[in-house]
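K.L.:
only geometry, no sequence info:
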């Protein structure tokens, strides 16, 4: 999760074969969503997830999947700001230990991730 400037706010590690939306609520839980725009890709297009965000006062900017029965319209100019998430991963991958993942244990890899994120905040 990143803020509006692309600064890292929170990380949750999951197994590679797990869908990201499974942990989306856990990721957003500690944050006050009232009046905030929540941008995500089509993988997070779930009526249940969208209702959960809206119930907490957030505004959803998630494009509908092609198979959606009732596609929602989104503001493309706002959605284009989602590149900040992709840019964060690009910056994190500048740190070799993050990019190649030498660590075997999840806790060690999370520590490397948090250290790289802290270095980004300091730069």
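P.N.:
Received it, and whenever you're ready, just let me know what you need. Computed from a prediction, not measured in an experiment: that's the story for all the values here.
K.L.:
So in this structure, where's the weakest helix or strand by average pLDDT?
P.N.:
Of all helical and strand segments in the chain, the minimum by mean pLDDT, DSSP states H and E falls on helix 96-100, at a mean of 88.
K.L.:
does residue 31 sit in a helix, a strand or a coil?
P.N.:
Going by DSSP: H, G, I helix; E, B strand; the rest coil, the secondary structure assigned to residue 31 is coil.
K.L.:
Count the residues that sit near it.
P.N.:
Neighbour count for residue 31, taken as other CB atoms under 10 Å: 14. For the C-beta atoms, the positions are set from N, CA and C on the backbone; glycine is no exception.
K.L.:
Return the backbone torsion pair for residue 8.
P.N.:
As for residue 8, its main-chain torsions (degrees, to the nearest 10) stand at phi -70, psi 140.
K.L.:
which residues are in contact with the least confident helix or strand of the chain?
P.N.:
Applying CB atoms under 8 Å, 6 or more residues apart in numbering, the external contacts of helix 96-100 come out as 92, 93, 103, 112, 113, 116.
K.L.:
Neighbour-wise, which one of these leads?
P.N.:
Most neighbours among the contacts of helix 96-100, by other CB under 10 Å: residue 116, with 21 neighbours.
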